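> Got a sequence here, can you build the structure:
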Amino acid sequence: MGMKYKTTHKAYAAWNYRQEIEDLNRASEQGWQLVRGGCFYSRFVKNPDVRYRYQMDWGKVEDMGRYIETFREQGWEYVSSTFNGWHFFRKFYDPALKEEDYEIFTDRESLQTMTRRWSRVVMVLSAVLLAAAVITGIQEFRAPNIPRLLQTLILLAACVFLLRGGLLMRSSDTVRRGDNRLLHVFLLFLIVGWTGVMALLILRPDLAVNSRADELTEPYVENRMMDFRVYYPDRYYLDLEIKADAPMVFSIVNEAGEAVYSVTGTDVEEEDIRVKLKRGRYWIAISCEEGYEFRCWLN
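This is a model prediction of the structure:
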């Protein structure tokens, strides 16, 4: 009979790695021994004849051979490492040993060194997220729209979440079971949030019109140049350039035939004109008597 394997797809908060250790110990007691630990992916083999106690370390390793040998000399067998720097070790379970004999860090300073390494990474990532949130926040203040507002909120939430984790990592002796549920909720929030942002950006009207007529055989009166659809109410931004031989009227017209934006002139050049549009159909209309050239872009 072949060996029996199983795969799990659990996610653990880095600052709550002790819960992952507890779960690995419990699985070993039930006969499932870790073959490869991973982020969202762990592989186990069924072997009820042995029982292990597991531990984890984190950090970049320059000399992997020496690193593994150091732990082997202390009685720890190396299992695997993850792409994000976590290393799994185990030793045979002996009920005669004390619990402290299963600690991978022989002193408090060693544990604090590991948690400080992770906390420094968190601080750097938090600073990057905060800087990105400030940039998008400034852009939102200058030209508010729903996708940019959501981006700012998501970046701020991620920054707060990581900062909280960095603080908790420094007191990682405690297993916080609720934190893994919080992690799953947060990951779902990120997925839904960024999917929503991308969908909103895709649905924004990306309208570009470039039209020119050196002369007209007859005047244009609300000539319908281009139709477009708005899928959700928001503030949209118009860049407009008009060069005309006689005053020209440029309008954005809704499906009720009402001009929601209109400007008249022979020489107009403006950027980021704020236009508040509701959900529905619209079109670009112009009225003029002589030659003209105009360009507009709406997003």
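> use CA for all of it now, contacts and neighbours both
Noted.
> Longest strand of the protein, counting residues only.
The strand spanning the most residues in the chain, taking DSSP state E as the definition, is strand 234-254.
> which other helices and strands contact it?
Contacts defined by 3 or more C-alpha pairs under 8 Å, 6 or more residues apart in numbering; DSSP states H and E place strand 234-254 against strand 259-277, strand 280-288, strand 292-298.
> State whether Asp214 and Phe294 are indeed in contact, as I suppose.
No - assessed by C-alpha atoms under 8 Å, Asp214 is found out of contact with Phe294, at 11.5 Å.
> which residues touch the closest residue to Asp239 other than its chain neighbours?
Leaving aside its sequence neighbours, Asp239 sits nearest to Glu271 (C-alpha to C-alpha, 6 or more residues apart in numbering; 4.3 Å). Shown in contact with Glu271 (C-alpha atoms under 8 Å, 6 or more residues apart in numbering): Tyr237, Leu238, Asp239, Leu240.
> Per-residue pLDDT of the last one, please?
Translated: Leu240. Leu240 carries a pLDDT value of 95.
> what number of residues lie near Gly280?
Per other C-alpha atoms under 10 Å, the neighbour tally for Gly280 reads 14.
> what does the one 3 residues further on give?
Burial measure for Trp283: 18 neighbouring residues, criterion other C-alpha under 10 Å.
> and what of Arg148?
Neighbours of Arg148 under the rule other C-alpha under 10 Å: 21.
> so it sits right up against Ile138, yeah?
No - assessed by C-alpha under 8 Å, Arg148 is found out of contact with Ile138, at 10.0 Å.
> Can I get the helices and strands packed on strand 234-254 in JSON lines including distance to Ala96 and mean pLDDT?
Formatted as JSON lines, those follow (distance: least, C-alpha to C-alpha, whole Å; pLDDT from 0 to 100):
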{"stretch": "strand 259-277", "distance to Ala96": "74", "mean pLDDT": "94"}
{"stretch": "strand 280-288", "distance to Ala96": "74", "mean pLDDT": "94"}
{"stretch": "strand 292-298", "distance to Ala96": "74", "mean pLDDT": "93"}
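> Redo the ones you listed as JSON lines? Include distance to Phe88.
JSON lines is the format used below for those (distance: least, C-alpha to C-alpha, whole Å):
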{"stretch": "strand 259-277", "distance to Phe88": "54"}
{"stretch": "strand 280-288", "distance to Phe88": "56"}
{"stretch": "strand 292-298", "distance to Phe88": "54"}
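> just so I know, which of those strands lies nearest Asn210?
Between Asn210 and the helices and strands packed on strand 234-254, the shortest gap by C-alpha to C-alpha is with strand 292-298, which sits at 4.5 Å.
> can you give me the strands in the protein?
Along the chain, counting by DSSP E, strands occupy 5-8, 32-36, 42-46, 52-58, 77-81, 86-92, 207-213, 220-230, 234-254, 259-277, 280-288, 292-298.
> between those strands, which gets nearest to Glu20?
So among these, strand 52-58 is nearest, using C-alpha to C-alpha, at 9.0 Å.
> could you check the angle strand 77-81 makes with that closest one?
In terms of direction (axes from the mean of the first three to the mean of the last three C-alpha atoms, to 10 degrees), strand 52-58 departs from strand 77-81 by 50 degrees.
> For the longest strand of the chain, list the C-alpha coordinates in CSV.
What follows is strand 234-254, C-alpha atoms only, in CSV (Å, rounded to 0.1, in the frame of the first residue of the first chain):
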residue,chain,number,x,y,z
ASP,A,234,-19.1,59.9,-9.5
ARG,A,235,-17.0,62.9,-10.3
TYR,A,236,-15.5,62.7,-13.7
TYR,A,237,-12.8,64.9,-15.3
LEU,A,238,-12.8,66.6,-18.7
ASP,A,239,-9.8,68.0,-20.6
LEU,A,240,-11.1,70.3,-23.4
GLU,A,241,-9.4,72.3,-26.1
ILE,A,242,-11.5,74.4,-28.6
LYS,A,243,-10.2,76.5,-31.5
ALA,A,244,-13.1,78.0,-33.6
ASP,A,245,-13.6,80.8,-36.1
ALA,A,246,-16.9,81.7,-34.3
PRO,A,247,-18.2,81.0,-30.8
MET,A,248,-18.8,77.3,-30.5
VAL,A,249,-21.0,75.6,-27.8
PHE,A,250,-19.6,72.3,-26.4
SER,A,251,-22.0,70.3,-24.2
ILE,A,252,-22.3,67.0,-22.4
VAL,A,253,-26.0,66.0,-22.7
ASN,A,254,-27.8,63.3,-20.6
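> Appreciated, that's everything.
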